[in-house]
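Asks: From the sequence below, what's the structure:
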Amino acid sequence: MEKEKIWDIYTEEYAAKYNDTFLLEPYSKVSADQEVKIIKELIDADTEWLDIACGTGYFLSQFPGVKRAGYDLSPGMLKEAQKVNPDALFFKQGDFRIDVPEWENKWSLTSCMWGAYAYVESLAEVETLVANMIKWTAAGGTILIPTVDLEDLRLVSIPYEVPNPVYGGSTIINSCVWTWVEEDTSKVHVQIGPQVDYFVKLLEPYFETVEIVYYPPFQDGWSSKKSVIAKNKLADKDPSHKAKVIRHPFPENSYQAFQRYGGSTGDIPNSLLIAELFGRIKNGYIPKSILNRLLQKINHKWYIK
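Replies: Below you'll find the predicted structure:
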């Protein structure tokens, strides 16, 4: 994560449009509203909440009166956050990969919203962020990490760990990496998306329970986004301890439910089938597949790749 690149993306002008562009448009608002509900269940009158990579402070602003603070790398985003959170404890500019010793065991709720962790450059840096979140969370406290993974981006489910059929042992898919280039601004976002179970493994030794909570999908058949919530931090790390992992059920109309529980193509919404069909035509998959089948029929030895 290069600071200069983050500053170039998240300028004051960009920050001023961020909520309307990314949080409050119809697709994203389904998830944002669900996350506000989740946070509401996690706070009470005694809560002290640190939102890491707080951005515009949107989520903090939904809870006036709560003792809360924001931490972010971008001055432009922090300026916006301060406007809408006049009663916040403070806003601090900084890099979430760097420890802040005075925050050790301080916060009863620590969050990192909207995939902000994705801007690091390696899994090691993800682990550094999560280690800091654990360190900064008080005993008995909670960590909230809404996640973004390949399933959310492309409706592709990849198991975290599967047996290796050739060499034995296990193959573990820790993360995927993607680049998003904005159409209007040409800003480039290079991001890393750890598997949800990867976060679970990092949090297990430190908490009594780790929950995976699924959101309502934007439309029938779409992916159900999710959060990892680690509750009741242990007073001391126990290397032999493994938190109780609670996986909440998928919404019945979500892509995950269809994948997990089966069904027929008749269960998939027409809009999803049409989108997939046009995607395959655009990428040339269908013409290539048809031509390859014809070549096989006449016993050619070469195929289009």
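Asks: With just CA atoms, put stretch 58-65 into CSV.
Replies: C-alpha atoms of stretch 58-65 as CSV (Å, rounded to 0.1, in the frame of the first residue of the first chain):
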residue,chain,number,x,y,z
TYR,A,58,-20.6,7.6,7.2
PHE,A,59,-21.0,4.6,9.5
LEU,A,60,-19.8,6.6,12.5
SER,A,61,-22.2,9.4,11.7
GLN,A,62,-25.2,6.9,12.0
PHE,A,63,-24.6,6.7,15.8
PRO,A,64,-24.4,10.3,17.3
GLY,A,65,-23.8,10.3,21.0
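Asks: Need the contact partners of that stretch.
Replies: The contact list for stretch 58-65 (CB atoms under 8 Å, 6 or more residues apart in numbering) reads 19, 23, 32, 35-36, 39-40, 43, 49, 51, 54, 68, 70, 81, 84-85, 87-88, 111, 113. To be clear about C-beta, it is placed using only N, CA and C from the backbone, and glycine gets the same treatment.
Asks: Give me the mean pLDDT for that stretch.
Replies: Here stretch 58-65 scores 98 as its mean pLDDT.
Asks: Could I get the buried residue list for that stretch?
Replies: Under the neighbour-count criterion of 16 or more other CB atoms under 10 Å, stretch 58-65 has 58-63 buried.
Asks: Check stretch 23-43 too.
Replies: Neighbour-count burial for stretch 23-43, counted by 16+ other CB under 10 Å, picks out 23, 28, 30-32, 34-35, 38-39, 42-43.
Asks: excluding its backbone neighbours, what's nearest residue 133?
Replies: Nearest residue to residue 133, sequence neighbours excluded (CB to CB, 6 or more residues apart in numbering): residue 110, at 4.9 Å.
Asks: The one you found belongs to a helix, doesn't it?
Replies: No: per DSSP: H, G, I helix; E, B strand; the rest coil, residue 110 lies outside any helix segment and is strand.
Asks: which stretch of helix or strand covers residue 141?
Replies: Here residue 141 sits within strand 137-147, counting by DSSP states H and E.
Asks: Distance from the chain centre to that strand, please.
Replies: Put simply, strand 137-147 sits 15 Å off its chain's centre (CA atoms, centre = their mean, to the nearest Å).
Asks: Over to stretch 63-78?
Replies: The answer for stretch 63-78 is 19 Å, by CA atoms, centre = their mean.
Asks: next one: stretch 189-207
Replies: 9 Å.
Asks: hang on, the earlier thing: in helices, which of the contacts of stretch 58-65 appear?
Replies: Using DSSP state H, the subset of the contacts of stretch 58-65 located in helices is 32, 35-36, 39-40, 81, 84.
Asks: Run through the stretch 1-150 of the chain and note the low-pLDDT ranges.
Replies: For the stretch 1-150 of the chain, applying pLDDT under 70 flags the ranges 1.
Asks: those strands in it, which residues are they?
Replies: Counting by DSSP state E, counting those that start in this stretch, the stretch 1-150 of the chain has strands at residues 48-52, 67-72, 90-93, 107-112, 137-147.
Asks: and the first one, what does it pack onto?
Replies: By that I understand strand 48-52. Here strand 48-52 touches helix 58-61, strand 67-72, strand 107-112, helix 123-136, going by 3 or more CB pairs under 8 Å, 6 or more residues apart in numbering; DSSP states H and E.
Asks: Assess the claim that residue 123 and residue 177 are in contact.
Replies: No: with contact defined as CB atoms under 8 Å, residue 123 does not count as touching residue 177 (10.1 Å).
Asks: Identify the contacts common to those two.
Replies: Residues touching both residue 123 and residue 177 (CB under 8 Å, 6+ apart) are residue 192.
Asks: re the thing from before, how about TSV for the helices and strands packed on strand 48-52, with distance to residue 97 added?
Replies: Formatted as TSV, those follow (distance: least, CB to CB, whole Å):
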stretch	distance to residue 97
helix 58-61	21
strand 67-72	12
strand 107-112	12
helix 123-136	5
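Asks: Tell me which of those sits nearest to residue 213.
Replies: Taking CB to CB, strand 107-112 is the member of the helices and strands packed on strand 48-52 nearest to residue 213, at 13.3 Å.
Asks: The closest one relative to strand 48-52, how many degrees between them?
Replies: 20 degrees (axes from the mean of the first three to the mean of the last three CA atoms, to 10 degrees).
Asks: Count the residues that sit near the residue nearest to residue 133.
Replies: Neighbourhood size, residue 110 [other CB atoms under 10 Å]: 27.
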